[in-house]
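Chemist: Kindly generate the corresponding structure for this input.
(one chain, ligands or ions: 1)
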Amino acid sequence: MASNKPSYLIIGAGVFGVSTAYHLITEHPDSSVTLVDRDAFDAYSRVAASWDWNKAVRADYGDIVYCQLAIEAQDVFKSDPLWKPYFHETGVYWICRGEHAQDVINNYRKLGRKADISAVPIDEARKMYGGLFEDADYAGAKEVLVNRTSGWAAAGDCLRAVTRKALDLGVKYVTADIASLQIENDGRCSGVKTAKGAVLTASHVILCTGAFTPKLLELSAASSGRNDLRAGSRIVAGGITTGMATLDEESYKKFAAMPVGFQENPTDPRTGPFIGSLPPTADRELKWWGQTIFTNTREVVPGRFISAPPAEPDYAQWKVPGKLKEDIRYSNRVFYGNKGATWKMEKHRICWQVMHRITMTI
Ligand SMILES: Cc1cc2nc3c(=O)[nH]c(=O)nc-3n(C[C@H](O)[C@H](O)[C@H](O)COP(=O)(O)OP(=O)(O)OC[C@H]3O[C@@H](n4cnc5c(N)ncnc54)[C@H](O)[C@@H]3O)c2cc1C
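Modeler: Have a look, this model is predicted:
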């Protein structure tokens, strides 16, 4: 006899999928919760945007809803023993060319949240943190947002730890590539079909497939004949380059406790995305992400062109063209000037994520 208990298939084991699985099994310990991902959770290399050496954990958003949600998440990072070991409250140092600093400070005020946060004049900011950012590009900058309550997390380590915890609590993990959703005649999604033809079913199917989502929906629309499944222009897969340099011992000592650096794009602050630099890992690797956000638009099914990560199993994430590597050199220059002139850039990666808006294509 079929069970009446709810069952959950969560496709994608990045931060959204794993958090969802963890919360579902915590709230409903009797239910069946299964995570499905094309990569093993402890694989040496994964395509998930969430799988990374480090990520900024900040509530410095101009949008008050994002700000509130991120403050809640930060509180969990700072207090819950599961997440706490991975969080580093180093602060953020955000070179602002528009109203961002004031918007964030106003959001904190409106939310009644007290924090060590301020908009610092450029001359004063340059001297902070032992002058680490004194040679940054401040052209057109108005002020620097310094929020000492933000920071960064060891993203990959944290993701593995929370996945292990979810598995301990009873979540199942299936490694499989999902080819399409199974849509019934009444429009209900009853499961998914793997690339090898196996069908997995559940009462609830939750997609947390990141950058692959628009393609998966397009393939599912084609196989089910339901065009309303298509993502349309709501979400787009975009790639951004990251790069790292290994610091020598002396530089590492200077940079080890640095805040996360952000810059509203010096090239075009009105439309350009922001770029960033994350503090060095325990292996002394300092990281940047670049300014170019690009799409990879291909014919996914006859007559349907959408952006998706490259078809290779690893999204070709380690094959980074010279033009994109230049993005990282540029980020280095506008953050550290001469200080970083001799650093050798290594470990370039293209990180694919789903976005609402893409500002550039290449
Ligand atoms: C360069 C860069 C820097 C960023 N920096 C930050 C930062 O500092 N702070 C921050 O908060 N955010 C940052 N982000 C954003 C953040 O990484 C993403 O918002 C977040 O990781 C998305 O998580 P996710 O779970 O939705 O997707 P992902 O982490 O991409 O996970 C999706 C998972 O779905 C799986 N999957 C997809 N399709 C299928 C399929 N068909 N079958 C099986 N499995 C499938 C993939 O294997 C993957 O594991 C950054 C993003 C980029 C690109």
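Chemist: Would you mind splitting the chain into its domains for me?
Modeler: Using automatic domain parsing, the domain ranges for the chain come out as 7-49+157-208, 63-152+234-355.
Chemist: What's the mean pLDDT across the last one?
Modeler: If I follow you right, that is domain 63-152+234-355. Averaging pLDDT along domain 63-152+234-355 yields 94.
Chemist: what about that domain and the ligand, touching?
Modeler: Yes. On the criterion Cβ under 6 Å from any ligand atom, domain 63-152+234-355 is in touch with the ligand at 240, 242, 289, 351, 353. Glycine gets a C-beta too; all of them are placed from N, C-alpha and C.
Chemist: Format those residues as a markdown table; extra columns: neighbour count and secondary structure.
Modeler: A markdown table is the format used below for the residues of domain 63-152+234-355 next to the ligand (neighbours: other Cβ atoms under 10 Å; DSSP: H, G, I helix; E, B strand; the rest coil):
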| residue | neighbour count | secondary structure |
| --- | --- | --- |
| 240 | 21 | strand |
| 242 | 23 | strand |
| 289 | 23 | strand |
| 351 | 21 | strand |
| 353 | 17 | strand |
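Chemist: Let me know the closest of those to residue 57.
Modeler: Residue 57 has its nearest neighbour among the residues of domain 63-152+234-355 next to the ligand in residue 289, at 15.0 Å by Cβ to Cβ.
Chemist: Which residue lies closest in space to that closest one, excluding its sequence neighbours?
Modeler: residue 242 (4.8 Å; Cβ to Cβ, 6 or more residues apart in numbering).
Chemist: Residue 163 now?
Modeler: residue 41 (4.4 Å).
Chemist: For the residue of the stretch 201-350 of the chain found nearest the ligand, give me its contacts.
Modeler: Residue nearest to the ligand within the stretch 201-350 of the chain (Cβ to the nearest ligand atom): residue 210, separated by 2.7 Å. Residues counted as contacts of residue 210 (Cβ atoms under 8 Å, 6 or more residues apart in numbering) are 12, 14, 16, 48-50, 352-354.
Chemist: Quick one: which of those is the most crowded by neighbours?
Modeler: The most crowded member of those, judged by other Cβ atoms under 10 Å, is residue 48 (29 neighbours).
Chemist: Distance check, the residue of the stretch 1-150 of the chain found nearest the ligand against residue 207.
Modeler: Closest contact between the stretch 1-150 of the chain and the ligand, by Cβ to the nearest ligand atom, is at residue 14 (2.2 Å). Going from residue 14 to residue 207 by Cβ to Cβ, to the nearest Å gives 11 Å.
Chemist: At which residues are the strands of the stretch 1-150 of the chain located?
Modeler: 7-11, 32-37, 55-57, 87-88, 92-96, 117-120, 143-147 (DSSP state E, counting those that start in this stretch).
Chemist: how about those strands in TSV, adding mean neighbour count?
Modeler: Converted to TSV, these look like this (neighbours: other Cβ atoms under 10 Å):
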stretch	mean neighbour count
strand 7-11	22
strand 32-37	23
strand 55-57	22
strand 87-88	18
strand 92-96	26
strand 117-120	18
strand 143-147	23
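Chemist: Among these, which comes closest to residue 199?
Modeler: Of the strands of the stretch 1-150 of the chain, nearest to residue 199 by Cβ to Cβ is strand 7-11, at 10.8 Å.
Chemist: List the strands paired with the closest one, with their directions.
Modeler: The pairing partners recorded for strand 7-11 under DSSP bridges are strand 32-37 (parallel), strand 204-207 (parallel).
Chemist: Stretch 216-235 spans what distance, first to last residue?
Modeler: End-to-end span of stretch 216-235 (Cα to Cα, to the nearest Å): 12 Å.
Chemist: how far does that stretch sit from the chain's center?
Modeler: 24 Å (Cα atoms, centre = their mean, to the nearest Å).
Chemist: buried set for it?
Modeler: Of all the residues in stretch 216-235, those buried under the rule 16 or more other Cβ atoms under 10 Å are 216-224, 229-231, 235.
Chemist: Format those residues as TSV; extra columns: secondary structure.
Modeler: Listed next are these as TSV, based on DSSP: H, G, I helix; E, B strand; the rest coil:
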residue	secondary structure
216	helix
217	helix
218	helix
219	helix
220	helix
221	helix
222	helix
223	helix
224	helix
229	helix
230	coil
231	coil
235	coil
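Chemist: Export those as a markdown table, with columns for distance to residue 121.
Modeler: Shown next, in a markdown table, are these (distance: Cβ to Cβ, whole Å):
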| residue | distance to residue 121 |
| --- | --- |
| 216 | 48 |
| 217 | 48 |
| 218 | 50 |
| 219 | 53 |
| 220 | 53 |
| 221 | 53 |
| 222 | 56 |
| 223 | 58 |
| 224 | 58 |
| 229 | 52 |
| 230 | 49 |
| 231 | 44 |
| 235 | 39 |
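Chemist: now, among those, which is nearest to residue 104?
Modeler: Of the buried residues of stretch 216-235, the one sitting nearest to residue 104 (Cβ to Cβ) turns out to be residue 235, at 25.3 Å.
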